[in-house]
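Student: Coordinates for the following, if possible.
(2 chains)
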Amino acid sequence: MDTAQLLNLVTDIGCELLENGAETYRVEDTMQRVFHAYGYTDADVFVIPTCMTISITPSHKHSIAKTRRIRCRRTDLNRVDRINGLCREICQRPDPPEEVYERLRAIQNEQRYSPLMRTAGAALVGFGFTLFYGGTLADALCAALIAAITQFLANGLEQLGSNGIFVNIIGGGLIMLMSLFFTQFQFNRLHLDKIVIGALMILVPGLALTNSMRDLIAGDYVSGQARLAEALLTATAIALGAGVVLSLAR
Amino acid sequence: MLQFLLFCFYAFVGSFGYCFLANIRPRKHMLFFASLGSGLCWAVYLLFNFLQNDILQAFLATTALTIYAEIMARIFKSPATVYLVISLIPLVPGGGIYHTMEHCINGDMMAFLQEGSHTFGVAGALALGILVVTSVMRLFAAAKALRGHHPQKI
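Tutor: Residues are numbered from 1 along each chain as shown, chains lettered A, B, ... in the order given. Here you go, the predicted structure:
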């Protein structure tokens, strides 16, 4: 088996995990396990949220290394689970890399939810959490509409490659603006705070917070801090966007 | 009692919507069990209502839901993060962030600092809950590895 080919395969697997929201520990561990499964016991992997470095030593005369810069990051937990499953299979039965590549491609080509479905999901988030925070049914319907519109625009911004912080500032501001607009009419006595909080739930940094904790526990302090900073910045960005609009409206 | 179940159901509905944003598919019943976690964690939160301390309640709820996520991960052989991320959403102090911002806009510095530190407290409780359970799980995995089994994935 070609060492370079294996290196490329493992890099692709790791990259796919990291880009879709797996913890640092899982990425490093998975890559190491795959190398072990193919008989390369002397492999070292270093992963941080924006970059990974892999080196293997096939013989004591030479070693090869590869660096992959990670630029796009998103949340696709289905794919994380699929690749996790694929690696379990590899560890049990190391098939030739070409075959594994084919399965990896099949996973990469799997359909994600369409923008329409994600918009509907956002509406459900707004609806559920407004009721959850004690809003009335009218509040909840309002929040569902606002969340859906915001998600629709956020989808567009993400496709244009806009950064996460900007999307959150715009999203926070937009939610506040639309909520103020709806409450201005005072149909059925809408509650501004309940609508805003419910609709803002589509933007909260749940994954960044969870992963930063799991990274810190695993001893990956660099990744843990980076993700903690991401979570705090996201929360600040949301509050900033909403705050600017609210203070302008007053 | 009805009120109790109703709020857990709202948490379930909201988290179910969030699954679509995180691209969780119906495969392996993930869609259902991930959202169920949030309903359960809110039930735990409300069960400890007599403590009258929402930071402690948030900690206990997170502990319960991390255990739930680890169990689900073992049953369905999928990463615990999948369940954890979705189930944690109702506990994220969205209301706290909003009110902190509101006090800041109103120029009420005392209320701003009070609400802000309280929100930090809740977020810290979530972190601590995950930390405690995951650390214990890692101990179990390490103990298993010592006895000659393969190390379990966390």
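Student: For the rest of this, base every contact and every neighbour count on C-alpha atoms.
Tutor: Fine.
Student: Which parts of the chain are helices?
Tutor: Since no chain was named, I'll use chain A. Ranges of helices in chain A, per DSSP state H, are A:3-19, A:24-37, A:77-92, A:97-108, A:115-132, A:137-159, A:164-185, A:192-200, A:206-218, A:221-249.
Student: You answered for a different chain; I wanted chain B.
Tutor: Using DSSP H, helices in chain B cover B:2-21, B:30-47, B:54-76, B:80-88, B:94-106, B:109-146.
Student: Now do the contacts for residue B:42.
Tutor: By CA atoms under 8 Å, 6 or more residues apart in numbering or on different chains, the residues touching residue B:42 are B:7, B:8, B:11, B:61, B:90, B:91.
Student: Domain-wise, how is chain A divided?
Tutor: A:3-108, A:115-249 (automatic domain parsing).
Student: so which of those gets nearest chain B?
Tutor: Among those, domain A:115-249 comes nearest to chain B, with 4.1 Å by CA to the nearest CA.
Student: Closest to residue A:156 out of the contacts of residue B:42?
Tutor: Nearest to residue A:156 among the contacts of residue B:42, counting by CA to CA, is residue B:90 at 26.5 Å.
Student: With residue A:205 as the reference, measure out to the most centrally placed residue in chain A.
Tutor: Nearest residue to the geometric centre of chain A (CA atoms, centre = their mean): residue A:75, 2.6 Å. Here residue A:75 is placed at a distance of 11 Å from residue A:205 (CA to CA, to the nearest Å).
Student: so where is chain A shaky, pLDDT-wise?
Tutor: Confidence mapping of chain A against pLDDT under 70 gives the ranges A:1, A:186-188.
Student: Name the residue most distant from the centre of it?
Tutor: Outermost residue of chain A (CA atoms, centre = their mean): residue A:61, 40.2 Å.
Student: any chance of the helices of chain B in a markdown table, with distance to residue A:68 and mean pLDDT too?
Tutor: A markdown table is the format used below for those (distance: least, CA to CA, whole Å; pLDDT from 0 to 100):
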| stretch | distance to residue A:68 | mean pLDDT |
| --- | --- | --- |
| helix B:2-21 | 27 | 89 |
| helix B:30-47 | 31 | 90 |
| helix B:54-76 | 29 | 91 |
| helix B:80-88 | 24 | 88 |
| helix B:94-106 | 36 | 87 |
| helix B:109-146 | 29 | 88 |
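Student: And the contacts of stretch A:215-222?
Tutor: Residues from elsewhere that reach stretch A:215-222 (CA under 8 Å, 6+ apart): A:23, A:24, A:25, A:48, A:223, A:224, A:225, B:131, B:134, B:135.
Student: What number of residues are in the vicinity of the nearest residue to residue B:105 once chain neighbours are set aside?
Tutor: Once flanking residues are discounted, residue B:105 sits nearest to residue A:247: 6.0 Å by CA to CA, 6 or more residues apart in numbering or on different chains. Residues lying near residue A:247 (other CA atoms under 10 Å in any protein chain shown) number 12.
Student: What separation is there between residue A:247 and residue A:60?
Tutor: Distance from residue A:247 to residue A:60, by CA to CA: 65 Å.
Student: what about the closest residue to residue A:149 other than its chain neighbours, neighbour count?
Tutor: Using CA to CA, 6+ apart and skipping residues adjacent in sequence, the residue nearest residue A:149 is residue A:119, 7.5 Å away. When neighbours are defined as other CA under 10 Å, residue A:119 has 26 of them.
Student: what's residue A:21 sitting at in phi/psi?
Tutor: Note on residue A:21: backbone dihedrals following degrees, to the nearest 10 are phi 110, psi 30.
Student: Now do the contacts for residue A:116.
Tutor: When contacts are counted by CA under 8 Å, 6+ apart, residue A:116 touches residue A:152.
Student: wait, doesn't residue B:23 sit right on residue A:75?
Tutor: Yes. When contacts are counted by CA atoms under 8 Å, residue B:23 is listed as touching residue A:75 (7.2 Å).
Student: Could you find the closest non-adjacent residue to the most centrally placed residue in chain B?
Tutor: Nearest residue to the geometric centre of chain B (CA atoms, centre = their mean): residue B:88, 2.8 Å. Leaving aside its chain neighbours, residue B:88 sits nearest to residue B:38 (6.4 Å; criterion: CA to CA, 6+ apart).
Student: Contact partners for the one you found?
Tutor: Residue B:38 neighbours (CA under 8 Å, 6+ apart): B:8, B:11, B:12, B:15, B:65, B:86, B:87, B:88, B:89, B:90.
Student: Tell me how many other residues crowd the last one.
Tutor: Counted with other CA under 10 Å, the burial measure for residue B:90 works out to 24 neighbours.
Student: From chain A, how far out is it?
Tutor: 8 Å (CA to the nearest CA, to the nearest Å).
Student: Can I get stretch A:14-34 in CSV, CA atoms only?
Tutor: C-alpha atoms of stretch A:14-34 as CSV (Å, rounded to 0.1, in the frame of the first residue of the first chain):
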residue,chain,number,x,y,z
GLY,A,14,-9.8,14.2,9.7
CYS,A,15,-10.5,17.3,7.7
GLU,A,16,-14.1,16.2,7.1
LEU,A,17,-14.6,15.5,10.8
LEU,A,18,-13.1,18.8,11.9
GLU,A,19,-14.9,20.9,9.4
ASN,A,20,-18.3,19.6,10.4
GLY,A,21,-18.0,20.1,14.1
ALA,A,22,-16.2,17.2,15.8
GLU,A,23,-14.1,17.8,18.9
THR,A,24,-10.3,18.0,18.6
TYR,A,25,-9.9,14.9,20.7
ARG,A,26,-12.1,12.9,18.3
VAL,A,27,-10.3,14.1,15.2
GLU,A,28,-6.9,13.3,16.5
ASP,A,29,-7.9,10.0,18.0
THR,A,30,-9.7,8.9,14.9
MET,A,31,-6.8,9.7,12.6
GLN,A,32,-4.4,7.9,14.9
ARG,A,33,-6.6,4.8,15.0
VAL,A,34,-6.9,4.6,11.3
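Student: what's the distance between the spatially closest residue to residue B:113 that is not a sequence neighbour and residue A:125?
Tutor: Leaving out its chain neighbours, the residue that sits closest to residue B:113 by CA to CA, 6+ apart is residue B:100, at 7.7 Å. Distance, residue B:100 to residue A:125, using CA to CA: 22 Å.
Student: Counting neighbours, go ahead and name the busier of the two.
Tutor: A side-by-side neighbour count of residue B:100 and residue A:125, using other CA under 10 Å, places residue A:125 first with 33 against 25.
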